[in-house]
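A.B. asks: Sequence first, then the predicted structure, then my questions.
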Amino acid sequence: MRRRPLVLIVEDDRALRGLLETLVRAEGYEVAVARDGVEGLLKVRLHAPTALLLDIMMPDAGGFRVLDELAQDEADTPVLVMTGMPDAAAACRERLGAANVFVKPFEVGALLSRLRALIGEGAPDAQA
């Protein structure tokens, strides 16, 4: 059993993925990363993350495929979506609710705050 919640970040942009990884770790969470939806789905199934930060527009399997497969698997993993596409954001808001969709560029503090709320706790003790 893990000591801290695990957040899986699925983002094809290396710089943003690295930034999010650093910031989420600084919040005291364990972090796993994936570069695309295929790798993300594999890691969801292998690691059963506590929450998922998901980009929508990615090469190969994008975020919509990930959402579809999670729904098909009846997974209850909380998902926060990040996208730079207004149409994709609108479609995701219908599926996940407006509070769980962040349009790039987004306020990182708001994303982290929503992540803490989805996980259902304040930030874990970084010393744990």
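C.D. replies: The structure has been received and is ready for your questions. Since we're looking at a predicted model, the values are computed, not measured.

A.B. asks: Please make it C-alpha for all contacts and neighbour counts, starting now.
C.D. replies: OK.

A.B. asks: can you tell me the average pLDDT over the strand or helix carrying Leu54?
C.D. replies: Element membership of Leu54, judged by DSSP states H and E, is strand 51-55. Averaging pLDDT along strand 51-55 yields 97.

A.B. asks: in that strand, what counts as buried?
C.D. replies: Of the residues in strand 51-55, those buried under the neighbour-count criterion (16 or more other CA atoms under 10 Å) are 51-55.

A.B. asks: Thr83 contacts Gly62, doesn't it?
C.D. replies: No. Under the criterion of CA atoms under 8 Å, Thr83 makes no contact with Gly62, lying 10.9 Å away.

A.B. asks: Pull up the overlap in contacts between those two.
C.D. replies: Here Thr83 and Gly62 share the contacting residues 55-56, scored by CA atoms under 8 Å, 6 or more residues apart in numbering.

A.B. asks: returning to what we had before: would you mind putting the buried residues of strand 51-55 into JSON lines with distance to Val101 alongside?
C.D. replies: As requested, the buried residues of strand 51-55 are exported to JSON lines (distance: CA to CA, whole Å):
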{"residue": "Ala51", "distance to Val101": "14"}
{"residue": "Leu52", "distance to Val101": "12"}
{"residue": "Leu53", "distance to Val101": "10"}
{"residue": "Leu54", "distance to Val101": "10"}
{"residue": "Asp55", "distance to Val101": "10"}
